[in-house]
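Trainee: Just the structure for this:
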Amino acid sequence: MDTVIPRLYKSLPEPLPFGPSLEIRAFLLQRERGNLLIYRAASIEHETEAISELGGISHQYLNHRHEAAPVCDWVSETFGVS
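Mentor: Numbering: from 1, shown residues only. Next comes the predicted model:
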């Protein structure tokens, strides 16, 4: 994951299935109370080690219903996010 500002990281972009000219990213915010993953991107599956080194994921925030995707289940299973 690339650093945006200290304690905020972004995933690689990925095209949206319903709008291939549009891209989505996930953002990881490091927090003392547990890291927060904002949005979703399937590209984070390839960044498991980097995410773990940053402290994992405690919570996930999705802003739109179209963000619900199989990668959300992967986040839950891999990092124990409910």
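
Trainee: for the biggest helix by length in the chain, packing partners?
Mentor: Longest helix in the chain by number of residues (criterion: DSSP state H): helix 70-79. The helices and strands touching helix 70-79, judged by 3 or more CB pairs under 8 Å, 6 or more residues apart in numbering; DSSP states H and E, are strand 59-61. C-beta coordinates here come from the backbone N, C-alpha and C atoms, glycine included.

Trainee: Tell me the buried residues in the strand it packs on?
Mentor: Neighbour-count burial for strand 59-61, counted by 16 or more other CB atoms under 10 Å, picks out 59-60.

Trainee: next one: stretch 45-58
Mentor: The neighbour-count check on stretch 45-58 (16+ other CB under 10 Å) flags 47, 51, 56-57 as buried.

Trainee: can you list the residues that contact the longest helix of the chain?
Mentor: 37, 40-42, 44-45, 48, 51, 56-58, 60, 62, 81-82 (CB atoms under 8 Å, 6 or more residues apart in numbering).

Trainee: That one: how far from the chain's middle?
Mentor: Centre-to-centre, helix 70-79 and its host chain are 10 Å apart (CA atoms, centre = their mean, to the nearest Å).

Trainee: buried set for it?
Mentor: 71-72, 74-75, 78-79.

Trainee: Pull the most distant pair out of the buried residues of stretch 45-58.
Mentor: Farthest pair in the buried residues of stretch 45-58 (CB to CB) is Glu47 and Gly56. Separation: 11.7 Å.
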